[in-house]
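Visitor: Requesting a structural model of the entry that follows:
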Amino acid sequence: MKAILFDRFGGTEVLRQADIEVPRPGPGQIRVRVKAAGLNALDGKIRSGALESVFPTPLPSVPGLELAGVVDALGEGVRDVQVGDEVLGWSDTGSYAEYALATTVAPKPAGLDWRHAVALPVAGETAERVLNLLGVAAGETVLMHGASGAVGTLAVQFATARGARVIATAGPANQEYLASLGATATVYGEGLVERVRALAPDGVDAVFDLAGKGALEDSITLRGGTDRIVTIADFGARQLGITFSQGSQERSADRLAALAQNAADGRLVTTVTAYPLDQAATAQQVSDAGHVRGKLVLTVD
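Guide: Model (predicted):
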């Protein structure tokens, strides 16, 4: 099968297309003929070697944490999925490939296309996990740094659905986008503390940092301490006494199925930019540069 892999750490130039063996599903696994693979900022950080101490990566490695596609084969003991089912979920092997293995998947609704389906597993789990950690409730004000990406797109909607008010930061080009999702948008950078205080004179109740670009000090100032601040992007958080939340293995197929149905029904907005599989390096360059609106996706013929 065709797959994108890297056999050394570095920039996007280390990514290459190769022909490798089609994986065989083990007990409890399924094999999926991939139609779309989700691209996450974490993919580039792993590829660069920057996270080798946190996520040791055997080489060569196929990137990709999530997939959407058609079930192609079943491992021993699989009963709740059939060959030919259309699914979305988390990949056990890299999803930048024509085939990948998976253990936790949900049915893909007929009204949801592959690209928008694959925008849900990682971003949905991350957004809900952090909002739960923060204890976001109705009537509260939540500040989200760098909210225009895949996780932020869902987090804004989840928080407002809980009855919270969201103040969300992004670059000038994404102000209207965040407002369309239900947030009060403002730009990041110098003067942020003053802008947020003007928008929320009574203060902010919680902070969700998705940017990882020096926003934690301002967050501490706005909160008057480190309580109820969580980041998924700033690896200097622990030195400041702030919670860093990384990916969880507690993946819920039922919750993913509900999100997929909401997206299919139009009750949950997803925004995607798609590249063909052989342009994975270009897509990762875009991801590495930041300022992405919504989800970057690789499509597989």
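Visitor: give the contact list for the most centrally placed residue in the chain.
Guide: Nearest residue to the geometric centre of the chain (Cα atoms, centre = their mean): residue 123, 3.3 Å. By Cβ atoms under 8 Å, 6 or more residues apart in numbering, the contact list for residue 123 reads 38, 150, 151, 153, 154, 295. Just so you know, the C-beta spots here come from the backbone N, C-alpha and C atoms, and that holds for glycine as well.
Visitor: what residues are up against residue 95?
Guide: Going by Cβ under 8 Å, 6+ apart, the list of residues near residue 95 reads 34, 37, 38, 62, 63, 64, 65, 66, 67.
Visitor: you'd agree it is in a strand?
Guide: No - counting by DSSP: H, G, I helix; E, B strand; the rest coil, residue 95 is not part of a strand but coil.
Visitor: Please work out the average pLDDT along the helix or strand where the residue nearest to the centre of the chain lies.
Guide: Using DSSP states H and E, residue 123 sits in helix 121-134. Averaging pLDDT along helix 121-134 yields 97.
Visitor: what do you get for stretch 137-152?
Guide: Stretch 137-152 shows a mean pLDDT of 97.
Visitor: for stretch 6-25, same thing?
Guide: Stretch 6-25 comes out at a mean pLDDT of 98.
Visitor: cool, stretch 289-301 as well?
Guide: The average of the pLDDT scores along stretch 289-301 is 94.
Visitor: Could I get the buried residue list for that stretch?
Guide: Neighbour counts over stretch 289-301 (16 or more other Cβ atoms under 10 Å) mark 292, 293, 294, 295, 296, 297, 298, 299, 300 as buried.
Visitor: Which of the residues you listed sits closest to residue 249?
Guide: Nearest to residue 249 among these is residue 295, at 21.6 Å by Cβ to Cβ.
Visitor: Next, find the distance separating residue 100 from residue 64.
Guide: 7 Å (Cβ to Cβ, to the nearest Å).
Visitor: Overlap in contacts, the two.
Guide: 37, 91, 94.
Visitor: The first one contacts residue 296, doesn't it?
Guide: No - under the criterion of Cβ atoms under 8 Å, residue 37 is not in contact with residue 296, lying 9.9 Å apart.
Visitor: can you list the weak-confidence ranges in the stretch 151-300 of the chain?
Guide: 248 (pLDDT under 70).
Visitor: which residues of it fall in helices?
Guide: 175-181, 192-199, 216-223, 253-264, 280-289 (DSSP state H, counting those that start in this stretch).
Visitor: re earlier: count of residues packed around the residue lying closest to the residue nearest to the centre of the chain once chain neighbours are set aside?
Guide: Spatially, and ignoring its direct neighbours in sequence, residue 123 is nearest to residue 150 (4.2 Å; Cβ to Cβ, 6 or more residues apart in numbering). Counted with other Cβ atoms under 10 Å, the neighbours of residue 150 add up to 29.
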